[in-house]
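Q: Got a sequence here, can you model it:
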Amino acid sequence: MFSTLFEKLKKLTRSCITEEELRIAWTTSFSDIGIEFKAERDRNDLSHNQVIIELKNKGFFKGSIASQKFKEAVNDRLYKYITRKAKIEGIPEGDYTGIATDGDHIVFCYVQNGIIRHQDLMPLSLMSVTKVAKCLRSDGRRALTSINLIDDFGHNSPVGIKLMGALSNELSQHFLDTENNKIKMLFKEWQSLFGQVSNLTNEQVLKINKQLNFSIPNIKDESVSGLLFVIHTYNALIMKLLGAEIVSYLDLTQYKDFCGNLASADDGRLLKILE
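A: Got it, this is the predicted structure:
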């Protein structure tokens, strides 16, 4: 896998000249192993969780840590980006990894005690690319920020679309059931509390539908109200999980690293913990 990654990256960077061309080469190559970079976020050329990558035009380092462009990439850019991101995300500076590359060489950097330090400047090779790939693959913990939450759990995220779609289907199925059931009861209680909110104009309904990527509940005249019930239920679930994660972080529960452990639990264990 790493050999294939290296060969593709070497091929794509061979004809690169500018930072933008290198960015495309790196983004394209690493997407093959499941790494999706954030490009130009908060001035970072590329980033993935706690890894920040600074790109320079092809060959700008001239193979030397004494070159002006190398010093600019490490001492100026990466130091600034790491310290700023650490402050925003509330994570220690030492937990971040900086990587600088000019397409020909790669260097790893870390901030310790307010000082940025770098390792040896490595040529683009199977060894250096493998080191980058392993670093990116092992960095799976996302910082708890509003931007990351929207990306991962917003209404148009894969998780949001799938879960709200499932909630919508369940509401459709149980609301039309001739017998009483808990879902129908909860929906009616919600309507009694939020009835005024669920009375929307046709224009408002059209705007909401354009922003959603799942089917609205098929419950006849109650569909709009049902749609808002689904969105509200999804938002409430996310808020409860966030609250549980905070309580876990503060060591106020027996479930340490709450959301991280939930993600690795099977369905039966997951339901038992939530209950």
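Q: buried ones in stretch 22-37?
A: Neighbour-count burial for stretch 22-37 flags 22-23, 25-27, 29-30, 35, 37 (criterion: 16 or more other Cβ atoms under 10 Å). Quick note: C-beta positions are derived from backbone N, CA and C, even for glycine.
Q: Take the residues you listed and keep only those in helices.
A: 22-23, 25-27, 29-30 (DSSP state H).
Q: And the lowest mean pLDDT element among the helices and strands of the chain?
A: Every helix and strand in the chain was compared by mean pLDDT, DSSP states H and E; the lowest is helix 258-264, with a mean of 71.
Q: Using a markdown table, please lay out the buried residues of stretch 22-37 together with pLDDT and distance to Phe258.
A: Below are those laid out as a markdown table (pLDDT from 0 to 100; distance: Cβ to Cβ, whole Å):
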| residue | pLDDT | distance to Phe258 |
| --- | --- | --- |
| Leu22 | 94 | 39 |
| Arg23 | 93 | 36 |
| Ala25 | 94 | 39 |
| Trp26 | 95 | 34 |
| Thr27 | 93 | 33 |
| Ser29 | 94 | 35 |
| Phe30 | 93 | 30 |
| Ile35 | 89 | 26 |
| Phe37 | 89 | 28 |
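Q: which two in those are spaced the farthest apart?
A: For these, the farthest-apart pair by Cβ to Cβ is Leu22 and Ile35; their separation is 15.5 Å.
Q: Mind checking the pLDDT average for stretch 144-159?
A: Regarding stretch 144-159, the rounded mean pLDDT is 84.
Q: Just the terminal-to-terminal distance for it.
A: Separation of the first and last residues of stretch 144-159 by Cα to Cα, to the nearest Å is 16 Å.
Q: got a list of contacts for it?
A: For stretch 144-159, the external contacting residues (Cβ atoms under 8 Å, 6 or more residues apart in numbering) are 41, 88-90, 142, 160-161, 164, 211-213, 231, 234, 238, 242, 245.
Q: ok now that stretch, how far from the chain's centre?
A: If you compare the mean C-alpha spot of stretch 144-159 with that of the full chain, they lie 7 Å apart, counting by Cα atoms, centre = their mean, to the nearest Å.
Q: Would you mark the buried spots in that stretch?
A: Using 16+ other Cβ under 10 Å as the test for burial, stretch 144-159 gives 153, 155.
Q: Can you list the residue ranges for strands in the stretch 101-250 of the chain?
A: According to DSSP state E, counting those that start in this stretch, the stretch 101-250 of the chain carries its strands in the segments 105-112, 115-118, 122-123.
Q: Please name every helix or strand in contact with the host helix or strand of Glu20.
A: Element membership for Glu20 (DSSP states H and E) is helix 19-31. Counting contacts by 3 or more Cβ pairs under 8 Å, 6 or more residues apart in numbering; DSSP states H and E, helix 19-31 packs against helix 2-13, strand 44-48, strand 51-55.
Q: Outside of the longest one itself, list whatever touches it.
A: Read that as helix 2-13. For helix 2-13, contacts defined as Cβ under 8 Å, 6+ apart pick out 22, 24-26, 28-30, 32-33, 58, 103, 124-126, 129-130, 133.
Q: still on that earlier bit, could you identify the helix or strand that succeeds the helix holding Glu20?
A: Remark: after helix 19-31, the chain's next helix or strand is strand 38-41, criterion DSSP H and E.
Q: what lines up beside that next one in the sheet?
A: strand 44-48 (antiparallel) (DSSP bridges).
Q: Alpha carbons only: can I get the partner strand in CSV?
A: Listed next in CSV are the C-alpha coordinates belonging to strand 44-48 (Å, rounded to 0.1, in the frame of the first residue of the first chain):
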residue,chain,number,x,y,z
ASN,A,44,-3.1,26.0,6.7
ASP,A,45,-2.2,24.6,3.3
LEU,A,46,-3.3,21.1,4.3
SER,A,47,-4.5,19.6,7.6
HIS,A,48,-5.9,16.4,9.0
